[in-house]
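> got a sequence here, can you build the structure:
(chains A, B, C and D)
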There are 2 protein chains.
Amino acid sequence: MGERRGAAEAVDGVLAALADPMRRRLLDLLAAQGEATATTLAERLPVSRQAVVKHLGVLDAAGLVSGGRIGREVRYTVRPAALDATARWMAALADDWDRRLATIKRVAEAAERDSR
Amino acid sequence: MGERRGAAEAVDGVLAALADPMRRRLLDLLAAQGEATATTLAERLPVSRQAVVKHLGVLDAAGLVSGGRIGREVRYTVRPAALDATARWMAALADDWDRRLATIKRVAEAAERDSR
DNA sequence: TAGATGTGCAACTCTGAAGTTGCATCAAAT
DNA sequence: ATTTGATGCAACTTCAGAGTTGCACATCTA
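Numbering: from 1, shown residues only, chains lettered A, B, ... in the order given. Have a look, this model is predicted:
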């Protein structure tokens, strides 16, 4: 299941999950179809079903997908929430960097003025 | 150097770079200090200088940091642009998923209505 | 009930990346 | 000129994870 965790650890999982190109391809496929099984997805990818199953496990642990059993098959769907949260985290970080750099620059210029 | 590439490949590099926890720690340190050398950073991390050098290489290739030589030392700085671009890419992707899911749901409901 | 289809579990291989150590090289300071 | 402190290069070890195969189990269908 896409578990409940602290925000930091959640980002951890998402970043690790998205680092793998095959996993991103998998997500694209899944997003395009809306719903699919590991078997179906494996048919459209250059890897075995088992490999897909493992990837889905990682993505599920990261909260990026979620699967539900229907009869003998397990259908997976994409979950935007975790992705969105990570995007916000990243944007905030970029903003933080920007502010820090601006401050450093300000301080440096002030120091230079003083030295003259 | 933080090379010129297509947007897709740039995201690739950033995601791969951010997947490593030690690299994120390194970035936090660097952002906090504004400017630092591999040697300085290694003193504040539980890894060797060489490990830090390699990490900085990865981060630099991803466009997340940039280094310049000053005398006998190489000072690195954080670069928010690549991070910001990746954040936007990710937010757009989350949005795309949302829209697709909404469409699928709409279609499913329409189909159900028709079946009655 | 049999056969077919889909999932789950386990053992195995293999490659890449993270980290280390050792040494060479280059610039600065005394 | 020597010594000190920083970077650069290279070989090596280690380990996680991406992928595979084989088989057992569950579920649908004819």
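> hmm, stretch A:32-52 touching DNA strand C?
Yes. Under the criterion of CB under 7 Å from any atom of the strand, DNA strand C is reached by stretch A:32-52 at A:T37, A:A38, A:T39, A:R49, A:Q50. Placement of C-beta: from N, CA and C, glycine included.
> tell me the SS of the last one?
What it means is A:Q50. Here A:Q50 is helix, with the state taken from DSSP: H, G, I helix; E, B strand; the rest coil.
> ok, back up a step: which among the residues of stretch A:32-52 next to DNA strand C count as buried?
Among the residues of stretch A:32-52 next to DNA strand C, those that count as buried by neighbour count (16 or more other CB atoms under 10 Å in any protein chain shown) are A:T37, A:A38.
> and the residues of stretch A:32-52 next to DNA strand C, which is closest to chain B?
A:T37 (15.6 Å; CB to the nearest CB).
> so that closest one makes contact with A:G71?
No. In this structure, A:T37 is not within contact of A:G71 by CB atoms under 8 Å, at 10.7 Å.
> in chain A, which spans are strands?
A:65-70, A:73-78 (DSSP state E).
> need the winner for burial among those.
Mean neighbour count (mean count of other CB atoms under 10 Å in any protein chain shown) peaks for strand A:73-78 among the strands of chain A, with a mean of 19.
> contacts for it, please.
Under the contact criterion CB atoms under 8 Å, 6 or more residues apart in numbering or on different chains, strand A:73-78 has outside partners A:27, A:30-31, A:34-39, A:41, A:56, A:60, A:64-69, B:97, B:100-101.
> ok, 6 Å please
For strand A:73-78, the surrounding residues in contact (CB atoms under 6 Å, 6 or more residues apart in numbering or on different chains) are A:L30, A:A31, A:E35, A:T37, A:L56, A:V65, A:S66, A:G67, A:G68, B:W97.
> which members of those residues define the maximum pairwise distance?
Using CB to CB, these span at most 18.5 Å, a distance reached by A:T37 and B:W97.
> B:E112: which of the contacts of strand A:73-78 is nearest?
A:E35 (15.0 Å).
> from B:T103, how far off is the most centrally placed residue in chain A?
By CA atoms, centre = their mean, chain A has its centre lying nearest to A:V14, at 3.4 Å. In this view, A:V14 and B:T103 are 24 Å apart by CB to CB, to the nearest Å.
> next one: the closest residue in space to A:A61 that isn't next to it in sequence relative to A:A85, how far apart?
Of all residues not flanking A:A61 in the chain, A:G13 sits nearest, at 6.1 Å (CB to CB, 6 or more residues apart in numbering or on different chains). For A:G13, the distance to A:A85 equals 11 Å [CB to CB].
> what about the two, which has more around it?
Ranked by neighbour count (other CB atoms under 10 Å in any protein chain shown), A:G13 and A:A85 place A:G13 first, with 21 against 17.
> what about the closest residue to A:T40 other than its chain neighbours, neighbour count?
In space, and not counting its chain neighbours, A:T40 is closest to A:Q33: 7.8 Å by CB to CB, 6+ apart. Burial of A:Q33 is recorded as 17 neighbouring residues (other CB under 10 Å).
> wait, what's in contact with A:L101?
Here A:L101 is in contact with no residue (CB under 6 Å, 6+ apart).
> what segments of chain A are helices?
For chain A, the helices defined by DSSP state H cover A:7-18, A:21-33, A:38-43, A:49-61, A:80-115.
> for the fourth one, which positions count as buried?
For helix A:49-61, the buried set under the neighbour-count rule, 16+ other CB under 10 Å, comprises A:V52, A:H55, A:L56, A:V58, A:L59, A:D60, A:A61.
> alongside DNA strand C, which residues does chain A contribute?
A:T37, A:A38, A:T39, A:R49, A:Q50, A:V53, A:R69, A:R72, A:E73, A:V74.
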